[in-house]
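**Q** Sequence and computational prediction follow.
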Amino acid sequence: MRSRAVKALAGSEWASLYRGASNPLTIRSMAPTNSASPKPLTSYRKYWAQRFGIAPFLPMSRAEMEALGWDSCDVIIVTGDAYIDHPSFGMALVGRLLEAQGFRVGIISQPDWHSPDDFRRLGKPNLFFGVTAGNMDSMVNRYTADRKLRSDDAYTPNAEPNRRPDRAVIVYSQRCREAYPDAGLVIGSIEASLRRIAHYDYWSDKVRRSILPDTKADILLYGNAERALVELAHRVAKGEAIESIRDLRGSAFMVPRGWRPEGWTEADSTTVDTPGAIHAHPDPYAMEAQAGRGDAPAAREAQAAAAPRVQPIRFHTREERLAARQAERAQTVIRLPSYEQVKDDPVLYAHASRTFHLESNPGNARALVQAHDARDLWLNPPPVPLGTPEMDSVYGLPYARAPHPSYGSAKIPAWEMIRFSVNIMRGCFGGCTFCSITEHEGRIIQSRSEESILHEIEEIRDKTPGFTGVISDMGGPTANMYRMACKDPKIESACRRLSCVFPDICENLGTDHAPLIHLYRKARQLPGIKKVLIGSGLRYDLAVRSPEYVKELAMHHVGGYLKIAPEHIEEGPLSKMMKPGIASYDRFKAMFDQYSREAGKEQYLIPYFIAAHPGTTDEDMLALAVWLKSNDFRLDQVQTFLPTPLALATAMYHTGKNPLRKVTQTSEAVGVVRGGRQRRLHKAFLRYHDPENWPLLREALRNMGRSDLIGNGRKHLVPSFQPAGTGKPPPRRSPRRHRENRLPKQP
């Protein structure tokens, strides 16, 4: 997928742990496997409970279980979202996947977390509880970028707020343990994924330890965990204890301090990237002087006598050297700085973040270990991405494609938004530092087949109530990375670049849009389909490489407005975001406008920008505001940077260092916008046209020596007058209201 010059080993595969390690755990022996041919999801022998057949909806009550003829559930999924039986919702996808393997799966949706009683509603699971916060991190779901409580929840019936706790995975896990102390406990989804190692937590403004010790879970499955989850369920069903299963890719768990499987070696993270000051080597002359000048010849003679006899040199072939290095690498674990170190040392935190991201390619990533007090957190390499047939099988499961009937006529905003959309791929190789897709789904694109996608469109047409013939979106994390991959699998498996498209598009990346163009044409030709819109964010630096794609998009797949995300125009913040320069946007806009005119359509780009991102100065935001006005953009919705766990931009925010490069005490410093007033100012620059922001902007412009931008002409950014009733400070909140909106005390 990436890299021009790659020195890392190609195609190395992580070997599983071995039996007989010097610890109380028993580990299943397994030889190294080829990452290109993992066990397919559909190749497992189905569990005996398959005889019960397919449930119309996965049960959420005892009555539903009895109607299905079940006396118990094999797996119970606890989720912070309303249960919608659709592949865009995690609980439905993994639930139906396990059902297809023959397991009986129940759902406990948005339980009352104040006591363990509601966690007993389906009884004790035969295999394990699977705990997830839902499709969103619970803290992102409940709080704004300014740490204020949100007034609604898109994943709850009628958008009702406060139906999930803060740090839902921790709370739900604790209640599961209280309900059934001896039940297996598996945690996953984006909240667990982003907290799998020690991480900076924006809401408590401190570095928190891995989520595993807080939940006391047996194992954490991160990323798109279908492979690990299916194998885990089958092995537990055969009698293996979860605490003995330590060889699953995409898993993390706690082990005794210093534990290591037999035959494994440990390397310090400084072998991956060197942090801090470089220590000088000892002076050999000083050492000799300490021994005494007269003793030096005798010492050298003694050393020569003790030295082993020289053996003849045998030159190994390149293949032998590569195989030996691959074998050594496959049984090497990288030790990150401990939780105790990274929570107190910003340089070590930034170094650990950089190392973590360098070890994220499934083709060459090594296991990671990080000390937490008296125990170690062990993190296995990322899961092998699903192939197209496996993606088709996952998305082709018998979903009801509707909310659970128990919600009645209640509206669930997240469902209303996606019910007429189709997910065609996963992953993103853009590597934007502020985005969590990389840490969760990875950089390798996993695409569905054309047949599978077209079949789902027909399912929407035939089975989804209210369908009017318009597909609202056909995309994924991005709109136009479908079927894109590295031109050489060997290069892809060896690459250690953090992005395939920054600072430039890699010469090894295939950017052919032809499969996507063909898919668009096939989709809109289906009977009953009036229009197929593209609602996912477009990667415009890729799109400009295919004028035919831009033409197809502008002429047939835009409903008047197209979302696009330049994020900024200035080099400083763009370099910290790993986003292309504004020139790529200008080229795309010129092409889009041209093809829109040729189609006889009046269509517009809707740009998205981020305020207060690390590396952004007041002058950068002023330049962006001037650019917005000169292009006649008046943004309604703007985004303030929100530091999410594990993201590279979050490491910048916390440490003031740039982990995109080697991190030392004297390495590049990154300016960070922390104060509430400056964050409001950066946001105000994006909404320069709002009279409520004019007093703040006038004051800032005067302080910056740019009073020339204050006036009533077209060349001015803000007027010198203030409309009556605007620009007043927000009313002071009552102490009681202040307490209600304040973040709770952090555990």
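**A** Perfect, I can see it now.

**Q** contacting residues around stretch 60-75?
**A** Stretch 60-75 has contacts (C-beta atoms under 8 Å, 6 or more residues apart in numbering) with 47, 49, 52, 55, 57, 59, 83, 95, 98, 103-109, 121-130, 233, 237, 404, 406. No exception for glycine: its C-beta is placed from N, CA and C like everyone else's.

**Q** Could you list the buried residues of that stretch?
**A** The neighbour-count check on stretch 60-75 (16 or more other C-beta atoms under 10 Å) flags 60, 64-65, 68, 70, 73-75 as buried.

**Q** Let's see which of those residues end up in helices.
**A** Judged by DSSP state H, the subset of these located in helices is 64-65, 68.

**Q** Mind checking which of the contacts of stretch 60-75 are in strands?
**A** 105-109, 128-130 (DSSP state E).

**Q** Reformat the ones in helices among the buried residues of stretch 60-75 as a markdown table; add pLDDT and distance to residue 242.
**A** A markdown table is the format used below for those (pLDDT from 0 to 100; distance: C-beta to C-beta, whole Å):
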| residue | pLDDT | distance to residue 242 |
| --- | --- | --- |
| 64 | 98 | 27 |
| 65 | 98 | 23 |
| 68 | 98 | 26 |
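
**Q** Which of those sits closest to residue 638?
**A** residue 64 (44.1 Å; C-beta to C-beta).

**Q** ok, now which ones touch residue 485?
**A** 1, 444-445, 492, 509-510.

**Q** If we only consider these, which is nearest to residue 462?
**A** Nearest to residue 462 among the contacts of residue 485, counting by C-beta to C-beta, is residue 445 at 28.9 Å.

**Q** So for that closest one, what pLDDT did the model give?
**A** Residue 445 is assigned 96 on the pLDDT scale.

**Q** same deal with the one 5 residues further on?
**A** Residue 450 carries a pLDDT score of 98 in this model.

**Q** and it, how many neighbours does it have?
**A** Neighbours of residue 450 under the rule other C-beta atoms under 10 Å: 18.

**Q** let's number from 58 now, not from 1
**A** Sounds good: first residue 58 from here, last item residue 507.

**Q** Would you confirm that it contacts residue 578?
**A** No. Taking C-beta atoms under 8 Å as the definition, residue 507 is not a contact partner of residue 578, at 10.5 Å.

**Q** So what touches the lengthiest helix in the chain?
**A** Counting by DSSP H, the longest helix found in the chain is helix 639-655. Residues outside helix 639-655 that contact it (C-beta under 8 Å, 6+ apart) are 597-598, 600-601, 604, 607-608, 610-612, 615, 619, 621, 623, 626, 631, 659-660, 662, 664, 684.

**Q** list the buried ones in that helix?
**A** By neighbour count with 16+ other C-beta under 10 Å, helix 639-655 contains the buried residues 639, 641-642, 645-646, 648-649, 652-653.

**Q** Can you tell me which of the contacts of residue 542 is closest to residue 584?
**A** Closest approach to residue 584 among these (C-beta to C-beta): residue 502, at 29.8 Å.

**Q** and the closest one, how many residues sit next to it?
**A** Look at residue 502: counted by other C-beta under 10 Å, it has 23 neighbours.

**Q** ok, now how distant is it from residue 486?
**A** Applying C-beta to C-beta, to the nearest Å, the value for residue 502 to residue 486 is 7 Å.

**Q** One more: residue 784?
**A** 44 Å.

**Q** quick one: which of those two has more around it?
**A** Neighbour count, other C-beta under 10 Å: between residue 784 and residue 486, residue 486 has more, with 30 against 16.

**Q** isn't the more buried one right up against residue 538?
**A** Yes. If you go by C-beta under 8 Å, residue 486 and residue 538 touch, sitting 6.9 Å apart.

**Q** Overlap of the contact sets of these two?
**A** With contacts taken as C-beta under 8 Å, 6+ apart, the residues that reach both residue 486 and residue 538 are residue 502.

**Q** Out of the contacts of residue 542, list just those in helices.
**A** Here DSSP H is the test, and the contacts of residue 542 give residue 549 as lying in helices.

**Q** okay if I get the contacts of residue 542 as a markdown table plus distance to residue 584?
**A** As requested, the contacts of residue 542 are exported to a markdown table (distance: C-beta to C-beta, whole Å):
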| residue | distance to residue 584 |
| --- | --- |
| 58 | 37 |
| 501 | 35 |
| 502 | 30 |
| 549 | 39 |
| 566 | 36 |
| 567 | 33 |
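
**Q** quick revisit: so of the contacts of helix 639-655, which ones are in helices?
**A** Cross-referencing the contacts of helix 639-655 against helices under DSSP H gives 597-598, 600, 604, 607-608, 610-612, 631, 684.

**Q** Just name the shakiest helix or strand of this structure by mean pLDDT.
**A** helix 341-348 (a mean of 40; mean pLDDT, DSSP states H and E).

**Q** Quick check: phi and psi on residue 667?
**A** Main-chain dihedrals, residue 667, degrees, to the nearest 10: phi -110, psi 130.

**Q** Tell me the one among the ones in helices among the buried residues of stretch 117-132 nearest to residue 534.
**A** Checking those against residue 534 by C-beta to C-beta gives residue 121 as the nearest, at 33.8 Å.

**Q** what separates that closest one from residue 460, distance-wise?
**A** Note on residue 121: its distance to residue 460, by C-beta to C-beta, is 15 Å.

**Q** Residue 454 too?
**A** From residue 454 over to residue 460 the distance is 17 Å, taken as C-beta to C-beta.

**Q** what do you get for residue 606?
**A** Applying C-beta to C-beta to residue 606 and residue 460 gives a distance of 35 Å.

**Q** pLDDT weak spots in this protein?
**A** Along the chain, segments meeting pLDDT under 70 span 58-93, 332-373, 375-383, 787-804.

**Q** now with 50?
**A** Residue ranges of the chain with pLDDT under 50: 58-93, 334-353, 356, 793-798, 804.

**Q** Please enumerate the strands of the stretch 558-707 of the chain.
**A** Here the stretch 558-707 of the chain has its strands, by DSSP state E, counting those that start in this stretch, at 588-589, 618-624, 661-668, 696-697.

**Q** Report the contact partners of residue 492.
**A** 485, 704.

**Q** Now do the SS call for it.
**A** coil (DSSP: H, G, I helix; E, B strand; the rest coil).

**Q** And it, how far from residue 696?
**A** Distance from residue 492 to residue 696, by C-beta to C-beta: 12 Å.

**Q** go on, residue 524?
**A** According to C-beta to C-beta, residue 524 and residue 696 sit 31 Å apart.

**Q** The two: which is more packed in?
**A** Each of residue 524 and residue 696 has its neighbours counted (other C-beta under 10 Å); residue 696 has more, 18 against 15.

**Q** Can you get me a residue count around the nearest residue to that one once chain neighbours are set aside?
**A** Nearest-residue entry for residue 696: residue 667, 5.3 Å, with adjacent residues in sequence omitted and distances by C-beta to C-beta, 6 or more residues apart in numbering. By other C-beta under 10 Å, 26 other residues sit near residue 667.

**Q** just residue 781 next, same as before
**A** The tally of other residues near residue 781 (other C-beta under 10 Å) stands at 7.
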